[in-house]
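Asker: Make a model of this:
(one chain, ligands or ions: 1)
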Amino acid sequence: MAWDPTLYLKFGDERLRPGFELLARIGELPPGPLVELGCGTGVHARAIAARWPERTLTAIDRSREMLAKAAAEPSPIRWLEADIASWSAPEPAALIFSNATLQWLGRHAQLFPHLMRQLAPGGVLAVQMPRNFDQPSHVLMRETARDGSWSAKLAPVVGGATVLREDPVAPPEWYYDLLTPQAQDGLDLWETDYLHVLAGEDPVLQWVSATALRPVIEALDGGERAAFLAAYGAKLRQAYPRRADGKTLLPFRRLFLVARAR
Ligand SMILES: C[S@@+](CC[C@H](N)C(=O)[O-])C[C@H]1O[C@@H](n2cnc3c(N)ncnc32)[C@H](O)[C@@H]1O
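Answerer: Numbers count the residues shown, from 1 in each chain. Predicted structure coming up:
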(Lines give C-alpha, C1' and ligand atoms only; values in the text may rest on other atoms or scores of the structure.)
Protein backbone atom coordinates (compact mmCIF):
# COMPACT_ATOMS: atom_id res chain seq x y z
CA MET A 1 0.00 0.00 0.00
CA ALA A 2 1.46 3.37 -1.03
CA TRP A 3 1.73 6.15 1.56
CA ASP A 4 1.87 9.85 0.76
CA PRO A 5 4.18 11.59 3.27
CA THR A 6 2.98 15.08 2.29
CA LEU A 7 -0.69 14.21 2.81
CA TYR A 8 0.20 12.37 6.03
CA LEU A 9 2.01 15.41 7.44
CA LYS A 10 -0.83 17.80 6.51
CA PHE A 11 -2.08 17.20 10.07
CA GLY A 12 1.43 16.52 11.33
CA ASP A 13 1.05 18.24 14.73
CA GLU A 14 -2.00 16.14 15.60
CA ARG A 15 -0.60 12.88 14.26
CA LEU A 16 2.88 13.21 15.77
CA ARG A 17 1.97 14.55 19.23
CA PRO A 18 1.07 11.11 20.70
CA GLY A 19 4.50 9.76 19.73
CA PHE A 20 6.22 12.53 21.70
CA GLU A 21 3.92 11.85 24.67
CA LEU A 22 4.87 8.17 24.47
CA LEU A 23 8.57 9.02 24.29
CA ALA A 24 8.23 11.19 27.42
CA ARG A 25 7.12 8.12 29.45
CA ILE A 26 10.21 6.04 28.64
CA GLY A 27 12.71 6.00 31.49
CA GLU A 28 16.25 4.65 31.75
CA LEU A 29 17.26 1.99 29.25
CA PRO A 30 19.66 -0.94 29.64
CA PRO A 31 22.60 -1.20 27.22
CA GLY A 32 21.69 -2.18 23.69
CA PRO A 33 20.48 -0.89 20.34
CA LEU A 34 17.22 0.98 19.71
CA VAL A 35 14.55 0.13 17.15
CA GLU A 36 11.54 1.97 15.78
CA LEU A 37 8.85 -0.09 14.02
CA GLY A 38 6.88 1.85 11.41
CA CYS A 39 9.02 4.98 11.49
CA GLY A 40 7.05 6.74 8.73
CA THR A 41 8.60 10.12 7.97
CA GLY A 42 11.20 9.66 10.71
CA VAL A 43 10.23 12.52 13.03
CA HIS A 44 10.12 10.38 16.19
CA ALA A 45 13.26 8.49 15.14
CA ARG A 46 15.14 11.80 15.13
CA ALA A 47 13.81 12.60 18.61
CA ILE A 48 14.84 9.12 19.85
CA ALA A 49 18.31 9.55 18.33
CA ALA A 50 18.65 12.97 19.96
CA ARG A 51 17.73 11.56 23.39
CA TRP A 52 20.14 8.59 23.20
CA PRO A 53 22.84 9.89 20.83
CA GLU A 54 25.38 7.23 21.83
CA ARG A 55 23.12 4.32 20.74
CA THR A 56 22.54 2.81 17.33
CA LEU A 57 18.98 3.29 16.10
CA THR A 58 17.37 1.26 13.32
CA ALA A 59 14.12 2.73 12.00
CA ILE A 60 12.01 0.25 10.04
CA ASP A 61 9.18 0.81 7.59
CA ARG A 62 7.96 -0.97 4.50
CA SER A 63 6.89 2.18 2.64
CA ARG A 64 9.55 3.44 0.24
CA GLU A 65 7.81 6.82 0.05
CA MET A 66 7.87 7.28 3.83
CA LEU A 67 11.50 6.09 4.10
CA ALA A 68 12.59 8.43 1.30
CA LYS A 69 11.12 11.37 3.21
CA ALA A 70 12.70 10.12 6.48
CA ALA A 71 16.16 9.72 4.95
CA ALA A 72 16.09 13.02 3.04
CA GLU A 73 17.98 14.78 5.84
CA PRO A 74 21.30 13.25 6.86
CA SER A 75 21.44 11.52 10.24
CA PRO A 76 23.16 8.54 11.90
CA ILE A 77 19.86 6.63 11.91
CA ARG A 78 19.80 3.38 9.94
CA TRP A 79 16.66 3.41 7.78
CA LEU A 80 15.56 -0.11 6.91
CA GLU A 81 12.86 -1.22 4.46
CA ALA A 82 11.30 -4.33 6.00
CA ASP A 83 8.01 -5.91 7.05
CA ILE A 84 7.43 -5.76 10.81
CA ALA A 85 5.37 -8.97 10.61
CA SER A 86 8.51 -11.01 9.97
CA TRP A 87 10.97 -8.87 11.95
CA SER A 88 13.22 -10.19 14.71
CA ALA A 89 15.98 -8.23 16.44
CA PRO A 90 19.49 -9.27 15.36
CA GLU A 91 20.57 -8.65 18.98
CA PRO A 92 18.47 -7.93 22.10
CA ALA A 93 17.12 -4.39 21.91
CA ALA A 94 17.07 -1.78 24.68
CA LEU A 95 14.02 -0.09 23.15
CA ILE A 96 11.32 -1.02 20.65
CA PHE A 97 9.24 2.07 19.90
CA SER A 98 6.17 2.08 17.65
CA ASN A 99 3.75 4.94 17.09
CA ALA A 100 0.47 4.57 15.16
CA THR A 101 1.65 1.47 13.31
CA LEU A 102 0.90 -1.87 14.99
CA GLN A 103 -2.85 -1.45 14.35
CA TRP A 104 -1.95 -2.24 10.72
CA LEU A 105 -0.72 -5.68 11.73
CA GLY A 106 -2.93 -8.56 12.81
CA ARG A 107 -2.25 -11.39 15.27
CA HIS A 108 -1.49 -9.18 18.27
CA ALA A 109 -1.70 -12.23 20.57
CA GLN A 110 1.46 -13.51 18.85
CA LEU A 111 3.06 -10.22 17.76
CA PHE A 112 3.26 -8.43 21.13
CA PRO A 113 4.80 -11.34 23.11
CA HIS A 114 7.23 -11.82 20.20
CA LEU A 115 8.26 -8.15 20.43
CA MET A 116 8.80 -8.50 24.20
CA ARG A 117 11.13 -11.44 23.50
CA GLN A 118 13.27 -9.18 21.26
CA LEU A 119 14.19 -6.98 24.26
CA ALA A 120 17.22 -7.18 26.53
CA PRO A 121 16.36 -7.64 30.25
CA GLY A 122 15.01 -4.25 31.38
CA GLY A 123 14.43 -3.19 27.77
CA VAL A 124 11.27 -1.25 26.91
CA LEU A 125 8.44 -1.85 24.47
CA ALA A 126 6.64 1.48 23.92
CA VAL A 127 3.56 1.44 21.69
CA GLN A 128 0.77 3.83 20.74
CA MET A 129 -2.19 2.72 18.62
CA PRO A 130 -5.47 4.41 17.71
CA ARG A 131 -8.57 2.94 19.31
CA ASN A 132 -11.19 4.86 17.39
CA PHE A 133 -12.54 2.08 15.19
CA ASP A 134 -16.07 2.46 16.57
CA GLN A 135 -16.11 6.18 15.72
CA PRO A 136 -18.22 7.61 12.84
CA SER A 137 -15.07 8.06 10.70
CA HIS A 138 -14.61 4.27 10.59
CA VAL A 139 -18.22 3.09 10.98
CA LEU A 140 -19.27 5.25 8.01
CA MET A 141 -16.27 4.09 5.98
CA ARG A 142 -17.25 0.43 6.45
CA GLU A 143 -20.93 1.24 5.90
CA THR A 144 -20.22 3.11 2.64
CA ALA A 145 -17.90 0.31 1.49
CA ARG A 146 -20.65 -2.27 2.00
CA ASP A 147 -23.52 -0.20 0.54
CA GLY A 148 -22.44 0.92 -2.94
CA SER A 149 -21.91 -0.71 -6.34
CA TRP A 150 -18.29 -1.20 -5.20
CA SER A 151 -19.22 -3.57 -2.34
CA ALA A 152 -17.86 -6.73 -4.02
CA LYS A 153 -14.54 -4.99 -4.83
CA LEU A 154 -14.22 -3.66 -1.30
CA ALA A 155 -15.30 -6.83 0.54
CA PRO A 156 -11.72 -8.15 0.82
CA VAL A 157 -10.50 -4.71 1.96
CA VAL A 158 -13.16 -4.26 4.64
CA GLY A 159 -13.01 -7.87 5.78
CA GLY A 160 -9.25 -8.28 5.37
CA ALA A 161 -6.30 -7.63 7.60
CA THR A 162 -6.41 -3.84 7.42
CA VAL A 163 -7.46 -1.16 9.86
CA LEU A 164 -10.89 -1.24 8.20
CA ARG A 165 -11.82 -4.34 10.11
CA GLU A 166 -13.83 -3.62 13.23
CA ASP A 167 -11.38 -4.42 16.02
CA PRO A 168 -7.73 -4.17 15.00
CA VAL A 169 -6.82 -2.97 18.50
CA ALA A 170 -8.11 -4.74 21.64
CA PRO A 171 -9.13 -3.02 24.90
CA PRO A 172 -6.26 -2.00 27.25
CA GLU A 173 -7.04 -4.80 29.73
CA TRP A 174 -6.37 -7.37 27.02
CA TYR A 175 -2.81 -6.06 26.46
CA TYR A 176 -2.30 -5.91 30.23
CA ASP A 177 -3.19 -9.59 30.67
CA LEU A 178 -1.19 -10.55 27.57
CA LEU A 179 2.04 -8.79 28.52
CA THR A 180 2.30 -8.75 32.33
CA PRO A 181 3.79 -12.30 32.44
CA GLN A 182 6.77 -10.94 30.46
CA ALA A 183 6.93 -7.49 32.10
CA GLN A 184 8.56 -6.07 35.21
CA ASP A 185 6.16 -4.24 37.58
CA GLY A 186 3.05 -4.55 35.44
CA LEU A 187 2.53 -2.13 32.56
CA ASP A 188 2.30 1.61 32.15
CA LEU A 189 -1.00 1.76 30.27
CA TRP A 190 -3.21 4.70 29.45
CA GLU A 191 -5.64 6.14 26.91
CA THR A 192 -5.98 9.72 25.76
CA ASP A 193 -9.08 11.14 24.10
CA TYR A 194 -7.78 13.89 21.85
CA LEU A 195 -10.14 16.42 20.37
CA HIS A 196 -8.32 17.52 17.24
CA VAL A 197 -9.30 20.93 15.90
CA LEU A 198 -9.01 20.67 12.12
CA ALA A 199 -9.12 23.47 9.56
CA GLY A 200 -10.09 23.41 5.88
CA GLU A 201 -12.63 21.75 3.60
CA ASP A 202 -13.65 18.18 4.46
CA PRO A 203 -10.81 17.83 6.95
CA VAL A 204 -11.94 14.45 8.33
CA LEU A 205 -12.02 13.02 4.80
CA GLN A 206 -8.54 14.43 4.22
CA TRP A 207 -7.38 13.00 7.54
CA VAL A 208 -8.48 9.43 6.79
CA SER A 209 -7.40 9.68 3.14
CA ALA A 210 -3.79 9.68 4.33
CA THR A 211 -4.25 6.60 6.53
CA ALA A 212 -7.22 4.24 7.05
CA LEU A 213 -8.93 5.06 3.75
CA ARG A 214 -5.85 4.29 1.64
CA PRO A 215 -6.70 0.61 1.00
CA VAL A 216 -10.17 1.68 -0.25
CA ILE A 217 -8.78 4.42 -2.48
CA GLU A 218 -6.31 1.97 -3.98
CA ALA A 219 -8.96 -0.71 -4.61
CA LEU A 220 -11.20 1.62 -6.67
CA ASP A 221 -10.54 3.26 -10.03
CA GLY A 222 -11.37 6.80 -11.20
CA GLY A 223 -15.19 7.07 -11.40
CA GLU A 224 -15.96 4.65 -8.60
CA ARG A 225 -13.36 6.24 -6.37
CA ALA A 226 -14.90 9.69 -6.91
CA ALA A 227 -18.41 8.33 -6.20
CA PHE A 228 -17.23 6.60 -3.03
CA LEU A 229 -15.50 9.77 -1.80
CA ALA A 230 -18.60 11.87 -2.53
CA ALA A 231 -20.92 9.48 -0.64
CA TYR A 232 -18.56 9.01 2.29
CA GLY A 233 -17.61 12.70 2.40
CA ALA A 234 -21.28 13.75 2.65
CA LYS A 235 -21.79 11.40 5.63
CA LEU A 236 -18.66 12.73 7.32
CA ARG A 237 -19.84 16.33 6.94
CA GLN A 238 -23.00 15.41 8.86
CA ALA A 239 -21.19 13.42 11.54
CA TYR A 240 -18.49 16.09 12.04
CA PRO A 241 -20.23 19.45 11.50
CA ARG A 242 -18.23 22.65 11.20
CA ARG A 243 -18.16 24.75 14.35
CA ALA A 244 -19.10 28.43 14.38
CA ASP A 245 -15.47 29.43 13.71
CA GLY A 246 -15.31 27.19 10.61
CA LYS A 247 -13.14 24.51 12.27
CA THR A 248 -14.08 20.85 12.64
CA LEU A 249 -13.59 18.77 15.80
CA LEU A 250 -12.32 15.21 15.44
CA PRO A 251 -12.48 13.15 18.66
CA PHE A 252 -9.72 10.53 18.58
CA ARG A 253 -8.92 7.90 21.26
CA ARG A 254 -5.43 6.43 21.45
CA LEU A 255 -4.03 3.59 23.56
CA PHE A 256 -0.50 3.82 24.98
CA LEU A 257 1.52 1.06 26.59
CA VAL A 258 5.02 0.94 28.01
CA ALA A 259 6.27 -2.47 29.14
CA ARG A 260 9.71 -3.25 30.59
CA ALA A 261 10.98 -6.77 29.90
CA ARG A 262 11.92 -9.02 32.83
C1 LIG B 1 0.24 5.89 10.41
S2 LIG B 1 1.87 5.70 9.86
C3 LIG B 1 2.80 6.14 11.33
C4 LIG B 1 4.20 6.57 11.02
C5 LIG B 1 5.00 7.14 12.20
N6 LIG B 1 5.21 6.14 13.21
C7 LIG B 1 4.31 8.36 12.78
O8 LIG B 1 3.93 8.34 13.94
O9 LIG B 1 4.18 9.35 12.06
C10 LIG B 1 2.06 3.93 9.80
C11 LIG B 1 3.39 3.49 9.20
O12 LIG B 1 3.51 2.09 9.42
C13 LIG B 1 4.10 1.51 8.29
N14 LIG B 1 3.71 0.09 8.26
C15 LIG B 1 2.45 -0.42 8.30
N16 LIG B 1 2.50 -1.75 8.28
C17 LIG B 1 3.81 -2.10 8.22
C18 LIG B 1 4.50 -3.34 8.20
N19 LIG B 1 3.84 -4.50 8.19
N20 LIG B 1 5.86 -3.33 8.17
C21 LIG B 1 6.53 -2.14 8.14
N22 LIG B 1 5.92 -0.94 8.19
C23 LIG B 1 4.58 -0.91 8.22
C24 LIG B 1 3.53 2.31 7.13
O25 LIG B 1 4.33 2.18 5.98
C26 LIG B 1 3.50 3.72 7.71
O27 LIG B 1 4.69 4.43 7.45
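Asker: so what's whichever residue of the stretch 1-150 of the chain sits closest to the ligand up against?
Answerer: Nearest to the ligand in the stretch 1-150 of the chain, going by CB to the nearest ligand atom, is Gly40, at a distance of 2.4 Å. Any C-beta I mention is one placed from the backbone N, CA and C, and that applies to glycine too. Gly40 is in contact with Trp3, Pro5, Tyr8, Asp61, Ser63, Met66, Ala70, Asn99, Ala100, Thr101, counting by CB atoms under 8 Å, 6 or more residues apart in numbering.
Asker: separation between the first one and Ala212?
Answerer: Between Trp3 and Ala212 the distance, using CB to CB, to the nearest Å, works out to 12 Å.
Asker: Also the second one?
Answerer: With the distance defined as CB to CB, Pro5 ends up 16 Å from Ala212.
Asker: do the same with the fifth one
Answerer: With distances defined as CB to CB, the gap from Ser63 to Ala212 amounts to 15 Å.
Asker: top of the contacts of Gly40 by neighbour count?
Answerer: Asn99 (28 neighbours; other CB atoms under 10 Å).
Asker: who's in contact with that residue?
Answerer: Contact partners of Asn99, counting by CB under 8 Å, 6+ apart, are Leu16, Pro18, Gly19, Leu22, Glu36, Gly38, Gly40, His44, Val127, Gln128.
Asker: Repeat that for Leu67.
Answerer: Contact partners of Leu67, counting by CB under 8 Å, 6+ apart, are Cys39, Gly42, Asp61, Trp79, Glu81.
Asker: Which of those residues fall within strands?
Answerer: Mapping those onto strands (DSSP state E) picks out Asp61, Trp79, Glu81.
Asker: before we move on, back to that, if we check the ligand, which of the contacts of Gly40 are in contact?
Answerer: Applying CB under 6 Å from any ligand atom, the subset of the contacts of Gly40 adjacent to the ligand comprises Trp3, Asp61, Ser63, Met66, Asn99, Ala100, Thr101.
Asker: Can I get these in JSON lines including pLDDT?
Answerer: Formatted as JSON lines, the ones next to the ligand among the contacts of Gly40 follow (pLDDT from 0 to 100):
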{"residue": "Trp3", "pLDDT": "89"}
{"residue": "Asp61", "pLDDT": "98"}
{"residue": "Ser63", "pLDDT": "96"}
{"residue": "Met66", "pLDDT": "96"}
{"residue": "Asn99", "pLDDT": "98"}
{"residue": "Ala100", "pLDDT": "97"}
{"residue": "Thr101", "pLDDT": "97"}
